[in-house]
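*Asks:* Let's see this in three dimensions:
(one chain, ligands or ions: 1)
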Amino acid sequence: MMRKKIIAGNWKMNMTPTAAVELTNTLKPLVANEEVDVVFCVPAIDIIPVVKACEGTNIQVGAENMYFEESGAYTGEISPEMLTDAGVKYVVLGHSERREYFGETNEDVNKKVLKAFEHNITPIMCCGETLDQREQGITMDFIRQQVKVGFLNVTVDQAKTAIIAYEPIWAIGTGKTATADQAEEVCKGIRDCIAEIYDRDTAEQIRIQYGGSVNGKNAAELFAQPDIDGGLVGGASLKEDFGEIVHW
Ligand SMILES: O=C(CO)COP(=O)(O)O
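*Replies:* From the prediction side, this is the model:
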């Protein structure tokens, strides 16, 4: 099964709308590669100007979060329809920073995943263990729980189009990348988990990214692994380095 690679930048809480357009214009020529899916996941306030700046390019725009209700009295939240109306195609859900600082649970993530599918937004569902969990030998147990709860009631056809990002927490923003073997082992474990929930065909279609200190130098080795279908990139997505990653 040849899965198209998907390279997504996660800008996190960086870039004013003005800076976002400048960065997009700088990166546009550097990320032109029709052989992969290129996504910029940007802060909510940057979505509209970045979508406009990406017109006529291969870049698709994603959000970094989304609420699971349609509309109403949820001060400060962003609805799925707001995102689709603005031109969003992907949404990062359950990032470890949202789990850690904003108390998102696997159940919240599941509600968001279901709601994203309902609105034809492709979820990039994040999972990943802490250093403690890795040292205790419970990495795969923890991640299987995140994936199983995150995908509750997701249909088989929806699951085939989903993206899962494996991001070991100890590798995020630390410059400490998982080795290609470590990353492959968990991404394969996630694929096997999807095969258990659904079937082998679905597992072969779903795309699984690695995230955590990906840069222009280590991307090639990571993306050469059979179960790694691209990357979710933080720091390096804010620089010209992102162009190198897209052309690993
Ligand atoms: O959290 C990440 C992407 O979502 C990874 O961040 P870094 O690439 O900065 O380690």
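*Asks:* contacting residues around the closest residue to the ligand within the chain?
*Replies:* Residue of the chain nearest the ligand, by CB to the nearest ligand atom: Gly234 (2.3 Å). Just so you know, the C-beta spots here come from the backbone N, C-alpha and C atoms, and that holds for glycine as well. Applying CB atoms under 8 Å, 6 or more residues apart in numbering, we find Gly234 in contact with 9-10, 12, 172-173, 211.
*Asks:* Check what pLDDT it gets.
*Replies:* Model confidence at Gly234, given as pLDDT, is 98.
*Asks:* Same question for Ala20.
*Replies:* 98.
*Asks:* For this structure, which residues are neighbours of the ligand?
*Replies:* Counting by CB under 6 Å from any ligand atom, the residues of the chain close to the ligand are 10, 95, 167, 172-173, 211-214, 232-236.
*Asks:* Counting neighbours, which of these comes out on top?
*Replies:* The most crowded member of the residues of the chain next to the ligand is Val214, carrying 31 neighbours; neighbours defined as other CB atoms under 10 Å.
*Asks:* Tell me the spacing between it and Gly175.
*Replies:* Counting by CB to CB, to the nearest Å, the separation of Val214 from Gly175 is 11 Å.
*Asks:* again with Thr24
*Replies:* Thr24 is 25 Å from Gly175, by CB to CB.
*Asks:* who's more crowded, those two?
*Replies:* Thr24 (23 against 9).
*Asks:* With adjacent residues omitted, what lies nearest to the more buried one?
*Replies:* Ala53 (4.2 Å; CB to CB, 6 or more residues apart in numbering).
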